[in-house]
Structures are given as C-alpha cells and as structure tokens.
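1. test case, fold it:
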Amino acid sequence: MPTVDFQQAILAGIPEQLPEPVTYDTSVNHAPRRKDILSDEEKKLALKNALRYFPEHFHSELAPEFLEELNTYGRIYMYRFRPKYEMKARPIAEYPHQSRQAAAIMLMITNNLDPAVAQHPHELITYGGNGAVFQNWAQYLLTMQYLATMTDDQTLVLYSGHPMGLFPSSPDAPRVVVTNGMVIPNYSSPDHWERFNALGVSQYGQMTAGSFMYIGPQGIVHGTTITVMNALRRLEAQTGSKGRLFVTAGLGGMSGAQPKAANIAGCVSVTAEVNPKAIETRHKQGWVDEVAEDLDLLVKRVRTAVDNSETVSIAFKGNVVDVWERFAEEDIPVNIGSDQTSLHNPWAGGYYPAGLSFEESNRLMSSDPELFKEKVRDSLKRQVKAINKLSSKGMYFFDYGNAFLLESSRAGADILNEKGDFKYPSYVQDIMGPLCFDYGFGPFRWVCTSGKHEDLAKTDRIAAEVMEGLLRDAPVEISQQISDNLHWIREAEANQLVVGSQARILYADAEGRMRIAEAFNQAVKDGAISAPVVLGRDHHDVSGTDSPYRETSNIYDGSRFTADMAVQNVIGDAFRGATWVSLHNGGGVGWGEVMNGGFGMVLDGSEEASKRVSKMLFWDVNNGISRRSWARNEGAMFAAKRAMEVESGLKITMPRLADEKMIEEVFYKAKTSTSKDVK
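-> Below you'll find the predicted structure:
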C-alpha cells in the first residue's frame, strides 16, 4: 500500500462506510475460544458496549455479527474493521502526525501488532495468551486517529484499550496515559477478568503489550540469558562447564527467547511446545535450531548433544509433561530446569494438559471448562512429580516467574516443603533480585524509529562505548554485571535478535541508562542517528513492578504484597518527562497477582529531551532501589548509598539493622516469661 493511502487510512479512524465482512484467516495463530461466561442480559450489554463506537445506522447490520463473534469466540473483536494495510513498524516519517512524539507511539503500537511479533495478531494479543494492546479493532482505529491528529498540547487517555479522548495539557505532560485492568481489588479474580473482558470494559495488558513496549522475544532474551548463565554458574563446581542440559517449556511470545538464551549461554536446551505454529515461527526466525516430534529420537539426540558438549537448542513438538516423565524415567542428567508456559492464564490457553492434543484442549476449555481445569491440575501434579525426581539427583529447578509454583500448589502438587514454602526458588529470589535488581540493573530497551538497521548498529556501538567506560571505574560489587552486559551488546548483532522493529535490550543500572540515553540524544542531534530513538523498559525491572512471586519475591520485610512502588513509579515518571506512562493490573503472573508500571520516552535530539531523560531515568531506577534498601537488601543498601553520593539532592531513608541475636533473645525471654505467668 502506498504511504499516502496508509496515512489516509489512519486519519479516517472509524470508517464512514462499512467495510465488507472478512473470512476467518486460518493461516494466522489465533487466540483460543474463551469460555461462555456471560448471561443473556450481559451479552446484550456487551453488544450495546461494542456498538457505541459506530453510527446508529450501522447497528442493525453489526449487532448480529458481533453477537456471533461473542458466541463463537467469547469476545467481540470486530474482525471486519481490521485494517487492510500491512501491520508493521514503519519509519516514523510515514505516520501522519502533528506531534512527533505521537508518531513514535503509533510506530510502537503497529510493531506490537505485527504478525511477526504478536502471538494472536487478529485478536490484538501480543503475548502471554491474553496480553492485549486493545480489546477490539474499533479501539485501535480511533486511537491511531487521535494520535495522528493530536498536538503536543494534548494528552490521550486510554482506559484498558479504550481511547477516552484527547485532553488539553502541555508539552511537559505525557502524550499518552495508559491504564489496563484497573479494577476494584475484590473483583480481580480470573473469572472477573473473563467477564469484564467479554463485556468490553477491561483488558489484560500483560506488561509490555498494553503499554506498546514489546519488542518481540528479544525483550526477554537478555534477562533469560543472565538467568541461565548464572544458574549454570551455580553448578560449575559440581559439573564443570561442558555438556550441560536445560529443560523447559513454552515457545510463544516471551517464552520464545529461551532456546536463543540457552545457545548464548552455551548449553544444550530442550523446549517443549504444543502449538505447531509457535514452533514453526521460532524455527523460521532462527530462534531454535532443531525440531523433534518423537520422544525416542529426542532422548537419543539429547544424549549425543550432551556427550559431545554441543551448544544446540531443540524444540520438542509435544507436551512438556511427557518430556519430564521420560527424562526422569531414563535418568537423563538435567542440570537446570524451569517452565515458561503462561500459567498466569491456566484455564484459557496458558497451559495445555498432558494426554490431550492441542486441538482437543482448545475445544475442551470452552465446552467443558471444569473438566479442563481438572486435567490441568492433574497434569501439573505429574509434572511436579517428575521434576522432584530429577531435582533429587542434582537438577537445579527454578520458577521463571510464570506462576508455575503458585498454580502447582493450588493444584495440590507436591511442591511445598515442611515449612509450607515452595520447594524451589523464583529466579528473582536466587538470581535476578540479588545480582541485578538490588543493584539497579534491569531491562533497558530502545527502538530506532528510522527503521534503519544501520541506526541500530550505531546505537549498539554507542552503548558498548558507554559500558566500557563504566567498567573501567566500576566497584567490584557491580563489575560482573557490567562485564556480562558489555559482552551481550558486543554480541547482539551476531545473535540476530531483531524481530519486528529495529530494537535492542540491554541490562543497565541508572548511571548506565542515563549515559547511554544522553549519548543517543546527542547522536540524534548531530545527525549520526537519522531519526528519534524511543526509550523504554520491560516492566520486569528494578522498580516498575510489585509482584510477590516474581519481581519482588526477594523482598523479605513483609511488604512484598504491597504495590506502592509500582504506582509511585508511574506517577514519578509522568511528571519527570516521560512521553507516555502505563499502569497495569496483571502481567506475567496473573490478573490480581501483580501491579506493574512502564514508560516510553522519545529522544529527538532536543535540549528538552536531554533534561527530561536524566531526571526520569534517575527516578525510575532509584525508586526501586530505595524500596529494596528499606527492605534491608544488602545490594540495594550499597546502591542507595552510592546513588546519594552521586546526586546531592537525593536523600533516601536508610534502615537501621537490628541484631538478629538480640531479637532472638528478647523473643525467647518474652515467651519464657509468659509461660511462667501462665503456670
């Protein structure tokens, strides 16, 4: 489609004439049918809610069509209104706009919905089975029209994908403020999400889907590499560094990063996946080396790969429970194990039970949801039993933040120890929390809006130069992190990480992020980079997310179930100059289980952008460090003191450390005294 036609389509918004109905495209990976959860009266309400986007004279034709969608798929997606142009990130200049910042946001939205990037693109779902950019195509059309026509004196407000409207503000305010799933806490169960989403009034934005900051599987591959690499380091004293095996599951959106990360870490990996389309996509993209469909052949291939100390990633087309049980039966020495199925969404396509085909599961989850739940629970029990057997022989198993431990415990699996805690740690507890988050290191990312690969290569070089400078003067506490991240960015080009937009991710602390961002802005100003650069991060970071079973699982002062940090993060980013901000209920571990916030910032080479970015990034990281320091996390206390030395205006409340022995003595004396009084 010519650029001018694309621009006219964006500016048209909701079309004045009804487009022709479209046929259901079976070549695309579609979301599973959601369960029929609405009453007849609620379905009437859902229809009225959907029709309010359109002129009244369209209603009689659209109403039966939308009702059919609701009855067939469990949602009203408005397939008829899906744009005819190719959905992808275009160079920023091709988007119609009055605000360059708004044009950058349009680029990010279209990238999130690119079929090469999105998990279920026609249902506007980017990853995780239910992580949505919008609830329906009318919301997309109207939002893009608003972005194309807004000025820098306006702010667009989005309520769970719905564009509430453009409001007067100022150039200093965010261009877009996003909220997703902000429901009253007592109405935050999975069934509540199903009902509200079916009604068209709320959505699950995941972490970076509903905030337009998803950059394909690269978005998690760096963190996964750090996790796998450090998990293997834990075992090197016993096993050495050769012939190591990593077993896991999931090749969808974020989980698709696992085989690539394992290759970078230099081990053999087996990743099970039940969805053939997901395997085909990752294999075509080069994110997995080989595909196996037969368990006997898989066992033989794995033994050979381990014996020869190969670095190879193998996708198994089938259920991971079968892999775990067979490997336990064959006594295959698995070194590290995890799971990255979407268990935050176990009843609606996030986890497929053993004993059923992919197609059978998809039918059962809507036709008999209670039986499907029973089979999921049975499958989790079997999976945990096999994992326990391999763990007893030396395997290091960790929860990769997908609610595997939580849902397994709810299923009645043998996953708890004698104290009632999980037998296995979250990867944040053992690795990412103490090594990265407490010191301020997290998933900083950027997108080159020119769409030119040469611009991305320039940003890689700039970031590497900054990291080299930081490494020279780094204290010993963070030198390993900087060294690992420097190695990552130097190898980024060779590892072919780009899917969709010309984007990169790099773990860095506040100082690293600020210096890299300032260098990018200067390069845009000088013309060395040909168009603005969009900064952002995964919400899975130092201070963006309050998640008791993942991001804040290494907070031990009793505050891990509070969400002040994530909310304060978004508020602080907004008034310090972020281009857009987002706050979500849900993400990664499930609706009602986590609160997470994110941002996007456009670096256009201006002096104003330079001023904003340093203030915002400094807060964005140190907000989390201060909370982690107050929880008495040793690394965070170090980082907090270091941050205050750098910035005289920063005053963090530091904890006074009580003597553990004294506490025990006081407690013992009090109990002894009470016991005597009772006698």
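2. contacts only, for the closest residue to residue 330 other than its chain neighbours.
-> Nearest residue to residue 330 in three dimensions, chain neighbours excluded: residue 299, at 5.7 Å (Cβ to Cβ, 6 or more residues apart in numbering). C-betas here are computed from N, CA, C, even on glycine. Contact analysis of residue 299 by Cβ atoms under 8 Å, 6 or more residues apart in numbering lists 326, 327, 330, 332.
3. list only those of these flagged as buried.
-> 326, 327, 332 (16 or more other Cβ atoms under 10 Å).
4. quick check, the first one in contact with residue 295.
-> Yes - A contact is recorded between residue 326 and residue 295 when judged using Cβ atoms under 8 Å, the distance being 5.3 Å.
5. how much space between residue 194 and residue 563?
-> 23 Å (Cβ to Cβ, to the nearest Å).
6. then residue 402?
-> Distance check for residue 402 against residue 563: by Cβ to Cβ, it reads 20 Å.
7. now secondary structure too, for the contacts of residue 299, in CSV please.
-> Output for the contacts of residue 299, formatted as CSV (DSSP: H, G, I helix; E, B strand; the rest coil):
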residue, secondary structure
326, helix
327, helix
330, helix
332, coil
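8. which pair of those residues spans the longest distance?
-> With Cβ to Cβ as the measure, no two of those lie farther apart than 326 and 332, at 8.2 Å.
9. neighbours of residue 236, how many?
-> Close neighbours of residue 236, defined as other Cβ atoms under 10 Å, add up to 12.
10. okay, and it sits in which element?
-> If you go by DSSP states H and E, residue 236 is part of helix 218-239.
11. how about that helix, which residues are buried there?
-> 218-232, 235.
12. closest to residue 502 among those?
-> Distances from residue 502 to those, taken as Cβ to Cβ, are shortest for residue 218 (10.8 Å).
13. and that closest one, what does it touch?
-> Listed by Cβ under 8 Å, 6+ apart, the contact partners of residue 218 are 257, 497, 498, 499, 503, 504, 505.
14. distance check, the third one against residue 434.
-> In other words, residue 498. In this view, residue 498 and residue 434 are 31 Å apart by Cβ to Cβ.
15. next one: the fourth one
-> Residue 499 sits 31 Å away from residue 434, taking Cβ to Cβ as the criterion.
16. these two - which one has more neighbours?
-> residue 499 (21 against 17).
17. would you say the more buried one is within a helix?
-> No - when classified by three-state DSSP, residue 499 is found to be coil rather than part of a helix.
18. ok, and the closest non-adjacent residue to it?
-> Nearest non-adjacent residue to residue 499, counting by Cβ to Cβ, 6+ apart: residue 216, 3.4 Å away.
19. now for that neighbour, how many residues are close by?
-> Residue 216 - counted by other Cβ under 10 Å - has 28 other residues nearby.
20. that one contacts residue 115, correct?
-> No - judged on Cβ under 8 Å, residue 216 makes no contact with residue 115 at a distance of 11.5 Å.
21. what's the pLDDT at the residue nearest to residue 330?
-> Residue 299 carries a pLDDT score of 97 in this model.
22. pull the longest strand from the chain.
-> Secondary structure assigned by DSSP state E gives strand 595-603 as the longest strand of the chain.
23. does anything pack onto it? Which helices or strands?
-> With contacts defined as 3 or more Cβ pairs under 8 Å, 6 or more residues apart in numbering; DSSP states H and E, strand 595-603 has these neighbours: helix 100-112, helix 510-526, strand 533-537, strand 545-546, helix 564-575, strand 580-585, helix 607-630.
24. including mean neighbour count, distance to residue 47 and mean pLDDT, could these go into CSV?
-> Shown next, in CSV, are those (neighbours: other Cβ atoms under 10 Å; distance: least, Cβ to Cβ, whole Å; pLDDT from 0 to 100):
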stretch, mean neighbour count, distance to residue 47, mean pLDDT
helix 100-112, 25, 26, 97
helix 510-526, 22, 47, 97
strand 533-537, 28, 36, 96
strand 545-546, 27, 36, 96
helix 564-575, 20, 34, 97
strand 580-585, 28, 26, 97
helix 607-630, 22, 42, 96
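25. out of these, which is closest to residue 424?
-> Across those, residue 424 has its closest neighbour in strand 545-546 (20.9 Å, Cβ to Cβ).
26. and the closest one, what other elements does it pack with?
-> If you count contacts as 3+ Cβ pairs under 8 Å, 6+ apart, strand 545-546 packs onto helix 564-575, strand 595-603.
27. quick one: closest of the ones you listed to residue 366.
-> Smallest distance to residue 366 across these (Cβ to Cβ): 28.7 Å, for strand 595-603.
28. using PDB, list the CA coordinates for the closest one.
-> Extracted C-alpha coordinates of strand 595-603, given in PDB (Å, rounded to 0.1, in the frame of the first residue of the first chain):
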ATOM      1  CA  MET A 595       0.800  -4.400  39.700                       C
ATOM      2  CA  ASN A 596       3.200  -3.000  37.100                       C
ATOM      3  CA  GLY A 597       4.100   0.300  35.600                       C
ATOM      4  CA  GLY A 598       6.000   1.300  32.500                       C
ATOM      5  CA  PHE A 599       7.000   4.300  30.400                       C
ATOM      6  CA  GLY A 600       8.200   5.300  26.900                       C
ATOM      7  CA  MET A 601      10.300   8.300  26.100                       C
ATOM      8  CA  VAL A 602      11.200   9.800  22.700                       C
ATOM      9  CA  LEU A 603      14.800  11.200  22.300                       C
END
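29. can you check what angle separates that strand from helix 607-630?
-> Orientation check (axes from the mean of the first three to the mean of the last three Cα atoms, to 10 degrees): strand 595-603 against helix 607-630 gives 150 degrees.
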